[in-house]
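Asks: Just need the structure, nothing else, for what follows:
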Amino acid sequence: MPDGGDTLTIKVLHSLATIEPIAWDRCAGPDDPFMRHAFLYALEKSGSASAETGWAPHHLVIEGPDGGLLAAAPLYLKNHSYGEYVFDWGWADAYERAGGAYYPKLQCSVPFTPVTGRRLLVRDDLPEGRKNELMTALVAGMVELARKSDASSVHITFPTEQEWSRLGDLTFVKRVGQQYHWENRGYGSFDDFLGDLTSRKRKQIRKERKKVADLGLDIRILTGDAIEERHWDAFYRFYRSTSDKKWGPSYLTRSFFSMVGQEMGDDIALVYVEDDGQPVAGALNLIGGEALFGRNWGCLKTHKFLHFEACYYRAIDFAIERGLARVEAGAQGPHKVQRGYIPNRTYSAHWFADAGLGSAIGDFVQRERRGVEYEIAMMMEDLPFRNEEND
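Replies: Here you go, the predicted model:
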């Protein structure tokens, strides 16, 4: 263990109920709502992320000689690849056709949440050298747990770029993806943001917002105590409608929304839409220290441009009002670029027990990265912002 002189203990926790929230949150820090004990525990307690759903908690923690928590990592033993947003189905299929067993695997992430953040959680009040040692120990603990669990691999998804670089030094395969984020350039209003766009894009967005305004819908952003159980009842119907339309599983249970609402209401911005007093659509956002994170959207009645209004434009309004640095609108969606959301790299790192599998995937992600970088470069050339050439 770190330093080799003091006695540190690494443990595997099968439920966050066994650890004090304040101890976990001291490692996670205040800025990432998804890393908070309340959010991760709500996923477990609600049955959304559990052994029954294929997300068996195997969280790693490191305790000091006095039993105090020094470091932690959210970790799950999985028998499928659903709910991750970094797709490895092809890897699993190829390995199993070759006679290997890809599952179970270990997943270090926030379930169902494609948001970049720290995954190797170390108390911020420790010296830098100590932090580095503890992060290395967490990674070593994941690999050792994978070996003992007969897991094929360890996957750390949506880590920070700094963590990703460190993991490459620890024999992990480094993968790159992309998302689209809106950046606040010191805007005082939505009109200030529009003033940064080309005339054509500015007119397009104004037209879209007017079309929604003309519908006469009641669109509000609810947070804190303003969010009641009736709002969660309606939002769960919206959420299920999106899953049904996509023929996909509904990962989150109804009780999950109540739990995060009770424990983290001040960290939630719920865009809530009514038509003549009847709830018809909604978008769930979480508020971080620097960013607004768009998570889930759904509607019972389709209106043109309402998705853009609820998920993108209202999020920008809210971020400007709160002085947040950016809006992260979730996975996928190149159409976001024309609405002021800029391509950003995302990261993941992967360790494989089978060296041959790791080598093959390492070669694949190198080629894949060139494609991702090319796509980002092309989109960066087509941003909707004014410059000397297109003003």
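
Asks: hey, let's count contacts and neighbours off CA atoms from now on
Replies: Noted.

Asks: Gly330 is in contact with Cys311, correct?
Replies: No - assessed by Cα atoms under 8 Å, Cys311 is found out of contact with Gly330, at 9.8 Å.

Asks: Give me the more crowded residue out of the two.
Replies: Cys311 (22 against 19; other Cα atoms under 10 Å).

Asks: check contacts around that one.
Replies: Contacts were defined as Cα atoms under 8 Å, 6 or more residues apart in numbering; by that measure Cys311 touches Val271, Ala283, Gly294, Trp297, Ala329.

Asks: Do you know the pLDDT at it?
Replies: Cys311 carries a pLDDT score of 96 in this model.

Asks: Any figure for the gap between it and Thr9?
Replies: Distance of Cys311 to Thr9, computed by Cα to Cα, to the nearest Å: 44 Å.

Asks: So which residue is smack in the middle of the chain?
Replies: Nearest to the mean C-alpha position of the chain, by Cα atoms, centre = their mean, lies Val115 at 2.1 Å.

Asks: can you tell me the helix or strand for that residue?
Replies: Using DSSP states H and E, Val115 sits within no helix or strand.

Asks: That one and Phe158 touch, don't they?
Replies: Yes - assessed by Cα under 8 Å, Val115 is found in contact with Phe158 at 6.2 Å.

Asks: By neighbours, which of the contacts of Cys311 wins?
Replies: Neighbour tally across the contacts of Cys311 (other Cα under 10 Å): the maximum, 26 neighbours, falls on Ala283.

Asks: give the contact list for the residue nearest to it when sequence neighbours are not counted.
Replies: Leaving out its chain neighbours, the residue that sits closest to Ala283 by Cα to Cα, 6 or more residues apart in numbering is Trp297, at 4.4 Å. Contacts for Trp297 (Cα under 8 Å, 6+ apart) come out as Phe238, Tyr239, Thr242, Ala281, Gly282, Ala283, Leu284, His307, Cys311.

Asks: what's next to the lowest-mean-pLDDT helix or strand in the chain, contact-wise?
Replies: Within the chain, no helix or strand scores below helix 229-245, which has a mean of 90 by mean pLDDT, DSSP states H and E. Residues outside helix 229-245 that contact it (Cα under 8 Å, 6+ apart): 249-250, 254, 257-258, 272, 279-282, 296-300.

Asks: Just the buried ones from those?
Replies: Buried residues within the contacts of helix 229-245, counting neighbours by 16 or more other Cα atoms under 10 Å: 250, 254, 257-258, 272, 279-282, 296-300.

Asks: Just put those residues in JSON lines and tack on secondary structure and distance to Arg202.
Replies: JSON lines is the format used below for the buried ones among the contacts of helix 229-245 (DSSP: H, G, I helix; E, B strand; the rest coil; distance: Cα to Cα, whole Å):
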{"residue": "Ser250", "secondary structure": "coil", "distance to Arg202": "36"}
{"residue": "Arg254", "secondary structure": "helix", "distance to Arg202": "39"}
{"residue": "Phe257", "secondary structure": "helix", "distance to Arg202": "36"}
{"residue": "Ser258", "secondary structure": "helix", "distance to Arg202": "38"}
{"residue": "Tyr272", "secondary structure": "strand", "distance to Arg202": "25"}
{"residue": "Pro279", "secondary structure": "strand", "distance to Arg202": "30"}
{"residue": "Val280", "secondary structure": "strand", "distance to Arg202": "28"}
{"residue": "Ala281", "secondary structure": "strand", "distance to Arg202": "25"}
{"residue": "Gly282", "secondary structure": "strand", "distance to Arg202": "25"}
{"residue": "Asn296", "secondary structure": "strand", "distance to Arg202": "26"}
{"residue": "Trp297", "secondary structure": "strand", "distance to Arg202": "25"}
{"residue": "Gly298", "secondary structure": "strand", "distance to Arg202": "26"}
{"residue": "Cys299", "secondary structure": "strand", "distance to Arg202": "26"}
{"residue": "Leu300", "secondary structure": "coil", "distance to Arg202": "29"}
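
Asks: Show me where the stretch 151-300 of the chain has its strands.
Replies: Along the stretch 151-300 of the chain, counting by DSSP state E, counting those that start in this stretch, strands occupy 153-157, 173-183, 218-222, 268-275, 278-287, 291-299.

Asks: what about Ala226, neighbour count?
Replies: So Ala226, with other Cα under 10 Å, has 12 neighbours.

Asks: if I pick it, what's in contact with it?
Replies: By Cα under 8 Å, 6+ apart, the contact set of Ala226 is empty.

Asks: any idea how far it lies from Lys131?
Replies: On the measure of Cα to Cα, Ala226 and Lys131 end up 40 Å apart.

Asks: How about Ser46?
Replies: 33 Å.

Asks: Show me which of those two is the more surrounded one.
Replies: For Ser46 and Lys131, the more surrounded residue by other Cα under 10 Å is Lys131, and the numbers stand at 20 against 17.

Asks: so that one touches Val122, yeah?
Replies: Yes - between Lys131 and Val122 a contact is recorded at 6.2 Å, counting by Cα under 8 Å.

Asks: neighbours around the closest residue to Ser48 other than its chain neighbours, how many?
Replies: Spatial nearest neighbour of Ser48, excluding adjacent residues (Cα to Cα, 6+ apart): Leu252 at 5.1 Å. Using other Cα under 10 Å, Leu252 is surrounded by 18 other residues.
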